[in-house]
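Asks: Sequence and predicted structure, then a few things I'm wondering about:
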Amino acid sequence: MPVSSTTDEQPADDFDGAALPVNELFYSLQGEGKLTGMPSVFVRTSGCNLRCWFCDSYHTSWEPTHATMSVDDIVEEVQSHDDAGHVVLTGGEPLIHDDAVTLLEQLDDLGYHTTVETNGTIHRDAPIDLASISPKLASSTPTPEKDPKGDGEWADRHEERRIDLDALGALVDDYNAQLKFVVTGPDDLSEIESLLADVRSTAASRISDSDVLLMPEGTTRDELDARQNEVADLAMEYGYRYTPRLHVDLWNDAPET
Ligand SMILES: C[S@@+](CC[C@H](N)C(=O)[O-])C[C@H]1O[C@@H](n2cnc3c(N)ncnc32)[C@H](O)[C@@H]1O
Ligand SMILES: Nc1nc2[nH]cc(C(=O)O)c2c(=O)[nH]1
Ligand code: SF4
Ligand SMILES: [Mg+2]
């Protein structure tokens with residue numbers, strides 16, 4: 001589906017009925033996490049409440065673009081990929097949109113397995129089969145030196161918003177969840193350990209180390225080549241799971257993959 005040229009990052013509130021700002025909708029293999037390799041339709045909404053400097057979906061966060069699609073049309077396009085039983089709702093941050101719930105309900109009614117890729121700052125009540133939570137570490141903050149667009153104007157807002165323990169605890173308690181951390185280097189591990197301790201004391205349910213995944217930061221094969229062995233070693237050292245970025249291995253940074 002082509003990406004429109006509109007740059008409004010707000011939800012599609014002028015649309016009659018349930019609708020979402022869609023940046024791209026495509027069929028691929030799940031490239032990250034426990035379901036890596038699973039044929040899946042990806043629905044990528046536009047708009048995000050954070051601004052990670054490394055965001056691999058720049059046109060949903062830093063310079064959002066979208067086409068407004070009714071939920072009915074999204075479902076119809078999902079169904080056109082008739083070999084897929086899995087749908088991944090991602091973004092941007094998909095849970096900023098009220099109508100994400102409507103979409104998930106319709107997909108659930110049709111029997112799809114739903115994964116939601118979320119930064120973990122927002123909890124919603126919806127039929128989610130896998131909450132794929134990627135809490136954002138301090139190393140994601142768009143400091144003036146790392147800002148891809150300006151001079152660090154988003155740094156404070158990002159820093160204030162990136163961790164919400166209540167939302168994280170509720171997501172872990174209500175859903176089958178994985179915690180998938182983007183790792184830029186060994187210095188990230190102390191923050192992962194202390195955040196995990198905080199989430200474990202907030203959530204009622206147990207979080208097993210096998211539900212904690214370390215994913216190397218990188219949007220291209222070259223970037224991943226430079227970092228993935230170090231992250232694999234960290235996973236072994238700490239007893240967490242490693243997740244590759246299969247889509248980058250297969251298709252590098254091509255859109256709609
Ligand atoms: C674009 S985000 C959209 C969903 C949600 N906003 C989030 O961050 O979880 C999808 C996934 O890509 C990860 N990601 C984004 N940029 C990345 C990068 N440069 N390297 C590795 N993972 C990245 C995120 O952490 C998240 O797991
Ligand atoms: N193939 C593929 N797998 C993915 N898993 C999570 C993705 C995302 O951007 O949320 C993603 C993506 O963009 N492509
Ligand atoms: S939270 Fe997700 S979509 Fe938002 S800027 Fe970070 S990686 Fe990109
Ligand atoms: Mg992606």
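Replies: Great, that's in hand. Ligands and ions are numbered 1, 2, ... in the order given.
Asks: May I have the beta-bridge partners of the closest residue to ligand 3 within the stretch 151-257 of the chain?
Replies: With CB to the nearest ligand atom, the shortest gap between the stretch 151-257 of the chain and ligand 3 falls at Val182, namely 7.6 Å. In short, each C-beta sits where N, CA and C put it, glycine included. Beta-bridge partners recorded for Val182 (DSSP bridges): Met215.
Asks: quick one: the closest residue to Leu95 other than its chain neighbours and ligand 1, what's the gap?
Replies: In this structure, Leu95 finds its nearest non-sequential neighbour in Ile122, 4.1 Å apart by CB to CB, 6 or more residues apart in numbering. Between Ile122 and ligand 1 the computed distance is 10 Å (CB to the nearest ligand atom, to the nearest Å).
Asks: Buried residues in stretch 83-102, which are they?
Replies: 84, 86-97, 99-102 (16 or more other CB atoms under 10 Å).
Asks: Which of the residues you listed fall in strands?
Replies: 86-90 (DSSP state E).
Asks: Kindly indicate which of the residues you listed lies nearest Ala18.
Replies: Closest approach between those and Ala18, by CB to CB: Leu89, at 13.7 Å.
Asks: Spatially nearest residue to the residue in the stretch 101-250 of the chain that ligand 2 sits nearest to (excluding sequence neighbours)?
Replies: With CB to the nearest ligand atom, the shortest gap between the stretch 101-250 of the chain and ligand 2 falls at His247, namely 3.3 Å. Nearest residue to His247, sequence neighbours excluded (CB to CB, 6+ apart): Gly31, at 3.2 Å.
Asks: Thought Val248 was touching that neighbour, still the case?
Replies: Yes - at 7.0 Å, Gly31 counts as touching Val248 under the criterion of CB atoms under 8 Å.
Asks: what sits against the residue lying closest to Gly91 once chain neighbours are set aside?
Replies: Nearest residue to Gly91 in three dimensions, chain neighbours excluded: Thr45, at 4.5 Å (CB to CB, 6+ apart). When contacts are counted by CB atoms under 8 Å, 6 or more residues apart in numbering, Thr45 touches 20-23, 60, 66, 89-94, 97, 100.
Asks: For this structure, which residues are neighbours of ligand 1?
Replies: Neighbours of ligand 1 within the chain, by CB under 6 Å from any ligand atom: 48, 54-57, 90-91, 93, 117-119, 134, 180, 182, 215, 217-219.
Asks: now with 5 Å?
Replies: 54, 56-57, 90-91, 93, 117, 119, 134, 182, 217, 219 (CB under 5 Å from any ligand atom).
Asks: wait, what's in contact with the residue of the stretch 151-257 of the chain closest to ligand 3?
Replies: 52, 54, 134, 136-137, 140, 215-217.
Asks: measure the closest residue to ligand 3 within the stretch 101-250 of the chain to Ser140 for me?
Replies: In the stretch 101-250 of the chain, the residue that lies nearest ligand 3 is Asn119 (3.9 Å; CB to the nearest ligand atom). Distance, Asn119 to Ser140, using CB to CB, to the nearest Å: 9 Å.
Asks: Overlap in contacts, the two.
Replies: Common neighbours of Asn119 and Ser140 (CB under 8 Å, 6+ apart) are 50, 162.
Asks: now the helices for the stretch 51-200 of the chain?
Replies: 71-80, 99-109, 155-161, 165-174, 188-202 (DSSP state H, counting those that start in this stretch).
Asks: Which positions in the shortest one come out as buried?
Replies: The one in question is helix 155-161. So for helix 155-161, counting by 16+ other CB under 10 Å, buried means 155, 158-159, 161.
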